[in-house]
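# The following block contains a protein sequence and its predicted model.
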Amino acid sequence: MIRFLDLISFLMLWGNALILFLMFCTFLPIRKNAAVQAAAFLICPWLFNVVVYSNDIGSTLLPLLGFIPYIALFYRGGWMEKLTALIEVKVTPQRGLGFDKVAERIYNYAEVDSVYLISGGFDFMVMIEGKTMRDVAQFVSDKLSPLDTVLSTATHFVLKKYKDHGSIMVHKSKDERMLMTL
């Protein structure tokens with residue numbers, strides 16, 4: 001009888017962990033990384049045990065406080081929404097150093113997320129995130145354009161993200177039209 005109750009308890013624990021994990025996947029999208037998903041799934045039963053069966057407030061609050069960094073890393077909600085800008089930069093490479101020294105000056109700015117040397121009409125693609133278009137424009141006019149090697153810039157703003165760093169950002173809507181035949 002005790003083994004049966006242990007088995008039921010074990011199945012309920014993992015069943016609740018699975019439900020908790022599916023809730024996390026639904027409301028706080030986990031990136032498409034199998035290692036992160038496995039780690040989250042293995043943490044769920046421990047979290048469920050601590051929250052449900054703990055007797056003191058400290059043991060209950062500690063795992064819940066652990067979700068703050070999780071939310072900061074994985075949540076893609078509106079309160080964290082930032083404006084992404086792609087800035088094409090045409091430069092004059094420096095003699096003997098090429099594009100590397102110019103790229104170093106650009107990527108050392110705190111606002112810059114990525115700098116790529118590209119082919120085509122421009123030399124660099126600079127990606128930045130700002131809260132507003134004004135923030136991006138101020139960065140370009142105050143910091144990027146005044147560099148002596150920068151000849152011109154062209155700024156493009158991301159209007160909608162469909163896929164970002166492996167995560168699909170849009171959900172397909174169901175076609176709820178009825179099939180009609182004549």
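Thanks, I have the structure now.

# can I assume Tyr116 sits in a helix?
No - Tyr116: not assigned to a helix; according to DSSP: H, G, I helix; E, B strand; the rest coil it is strand.

# tally of neighbours for the residue nearest to Ser145 when sequence neighbours are not counted?
Of all residues not flanking Ser145 in the chain, Thr153 sits nearest, at 6.0 Å (C-beta to C-beta, 6 or more residues apart in numbering). (Each C-beta comes from the backbone N, C-alpha and C, glycine too.) Thr153 has 18 neighbours, counted by other C-beta atoms under 10 Å.

# now swap in the one 10 residues further on and tell me
One way to gauge burial is a neighbour count; for Lys163, by other C-beta under 10 Å, it gives 10.

# my guess is Val136 meets Thr84, correct?
No - with contact defined as C-beta atoms under 8 Å, Val136 and Thr84 do not form a contacting pair (9.0 Å).

# Show me where this protein has its helices.
2-27, 34-53, 57-74, 100-107, 133-139 (DSSP state H).

# circling back: check what pLDDT the residue nearest to Ser145 gets.
You'll see Thr153 listed with a pLDDT of 95.

# More neighbours: which of Val136 and Thr84?
Neighbours were counted for Val136 and for Thr84 using other C-beta under 10 Å; Val136 has more, 20 against 17.

# ok, that one to Val150 distance?
16 Å (C-beta to C-beta, to the nearest Å).

# ok, now Arg3?
73 Å.

# Name the residue in these two with the higher neighbour count.
Val150 (19 against 7).

# so that one sits right up against Ile87, yeah?
No - using C-beta under 8 Å, Val150 is not in contact with Ile87; the gap is 10.3 Å.

# what residues are shared contacts of these two?
Common neighbours of Val150 and Ile87 (criterion: C-beta atoms under 8 Å, 6 or more residues apart in numbering): Leu144.
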